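Q: Give me the fold of what follows.
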Amino acid sequence: MRNPSHLSPHQPSPSSTAGGAEALLQGELPRHSDAAPEPPPRSIIKLDMRSMVWAYDEIASDVEALSPFMALALLFGLSVLVPMTVLGFFEKNQPLSGQIITGVISAVLIPACLVGIVYLLKISLFSRYANLHFNRRTHSIYTQEGKAAVRLDWNHVRPFASVMPGPLTMGATPAWALVLVEFSTGPSPRPIQRMRVQGILPSRDACQRLWELIRCYMDEAPEALPELEVVPGGRTWQNALLDFGPMREISPTDSSEDIAAGVIGRLRKRNWWPAIGPFRILWWIIFWPGPLSTILYERFRREAQLPTAWIADEAPTADDANPYRIRSKAPNERAGRRKAAWIIGIVCTVCIALGASAWAFAFHIAFQSFLIDIWGELFRKL
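A: Below you'll find the model as predicted:
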C-alpha cells in the first residue's frame, strides 16, 4: 500500500489539457469533472456530516472466508500423503529409483501443504482488516490491513485509475481500480503513499464516477450526493445473512435490474421475501462450505483497531442532524430486514445441514476405512 514507485511526476498523460492547464500524470483522473457520483460496490455502513465509512467487502473477503476450509482440505491431503510416503520406504519390493522419486515428490508436496495451511490460517483467522474511513471533519482518509495502518491527507490526494493485472487474453475485459495517492507539498510534489480504495471496476469512467462521489462528500454540501444505501453497522447475524451473506451470490434467474439493485434492493421489491429458487438451494447444498464460511466470517471476523486519535470525532452526538439522503430509513425497514434474515437463516441452515451430512456420509464411505487401514499399517511398521 506504500509503493508509489510506478507513479512519476514527470510523465504527463496524453489526456493532459492544453492552454496552461496543469498536466495530469499517467493514469491520473481529473479532480473535477462532469461525471455523476456513483455509489461504491462496497457497502456504506456510516454516512453523516462527520464521516463516510465503507465496509471491508470485496472478492478478497470471500477467499479469506473459505481459507479455513481450504486449510482442512490440505490437512486431509497430508493425512494421506505422510503415511503413504513413509510406507513407500518400508516397501522392500519397490526399486531404489521408485523410492527416490517418491521421496522427491513428498519433499516438495509435504512442505508445500504445511506452508499452505499456515498461510490460509494467517489470512483468515489471524489477520485483521479495517473498514475504509473518509473523515470529513479532519480531511483525512484511513484504513488498515494486517498490521499496516495508512492515513492520507485529503488536501494533497490525487485520484488515479489503475489497470488491475488479470487474464487479458481471449477477449477478456480488463478490470480497473481507483487508487488515491498523497503527494508532498512544495514546488515539486512527489508521491508519498497510496491507497487502493476500490478494485474490480469495469472502466476508467467508473473510477471517475466513484471518485466524484468521494469528492462530493468531502468537499461539497450533502445535496451533491445521490440517495445512498447505508447498511446498519456492527457485526450481527442479520448483517451476516443479508448485507454480506450468501444472497450476494448471483443466480442465473437474476435480471440485470436485480443485480444492479443489490441484495437489499431485491428484497424491498419483493416485500422482503427472499428469492430463494431451486438453483440457489441446490448450490447451497452441494457447495455448503461457501455460504457457511461467508456467514461465519462476516459475523466473527476480527476488525483492526485503528488509532483512537483518528476516529475520536466520528461518533455523532444527539444534537447532530443527518442531512444526507439515506434509502434505508423507511419505516418498515427494521421489520422487513428481520423477516428476510429469519427466512434466509432457516433455509440456509437446512441446506448447509443437508450438504454437510451428505458430504460426511460420502467421506465415511470413501475414505474412513482407507485412512484407518493406512495409518494402522504405518503404526505396525513403526
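Q: Could you list the residues in contact with the lowest-mean-pLDDT helix or strand in the chain?
A: Across the helices and strands of the chain, mean confidence by mean pLDDT, DSSP states H and E is lowest for helix 256-269: a mean of 78. If you take Cβ atoms under 8 Å, 6 or more residues apart in numbering as the criterion, helix 256-269 is touched by 229, 231, 242-243, 245, 247-248, 250, 254, 273-275, 328, 330, 336-337, 340. From N, CA and C alone the C-beta is placed, and that goes for glycine too.
Q: again, but for stretch 176-195
A: Residues from elsewhere that reach stretch 176-195, judged by Cβ under 8 Å, 6+ apart: 1-4, 7, 9, 141, 143, 150, 152-153, 156-164, 196-204, 206-207, 210-211.
Q: Dump it to CSV, keeping only the CA atoms.
A: Provided in CSV are the C-alpha atoms of stretch 176-195 (Å, rounded to 0.1, in the frame of the first residue of the first chain):
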residue,chain,number,x,y,z
TRP,A,176,-9.8,-1.2,-13.1
ALA,A,177,-9.0,0.1,-9.6
LEU,A,178,-9.4,3.5,-8.1
VAL,A,179,-6.2,4.5,-6.3
LEU,A,180,-5.7,7.6,-4.2
VAL,A,181,-2.2,8.9,-3.9
GLU,A,182,-1.0,11.5,-1.4
PHE,A,183,1.6,13.9,-2.8
SER,A,184,4.2,16.0,-0.9
THR,A,185,3.9,19.8,-0.7
GLY,A,186,6.2,22.2,-2.3
PRO,A,187,7.1,23.3,-5.9
SER,A,188,7.9,19.7,-7.0
PRO,A,189,5.3,17.4,-5.3
ARG,A,190,6.1,13.8,-5.3
PRO,A,191,4.0,10.7,-4.3
ILE,A,192,4.3,9.8,-0.7
GLN,A,193,1.9,7.0,-0.1
ARG,A,194,-1.0,5.4,-1.9
MET,A,195,-4.3,3.5,-1.1
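Q: Counting neighbours, which bits of that stretch end up buried?
A: 176, 177, 178, 179, 180, 181, 182, 183, 191, 193, 194, 195 (16 or more other Cβ atoms under 10 Å).
Q: and the strand or helix carrying residue 52, average pLDDT?
A: According to DSSP states H and E, residue 52 maps onto strand 51-54. Summarised as a single mean, pLDDT over strand 51-54 is 95.
Q: Can you list the strands that that strand pairs with?
A: Paired with strand 51-54 in the same sheet, following DSSP bridges, are strand 44-47 (antiparallel), strand 132-135 (antiparallel).
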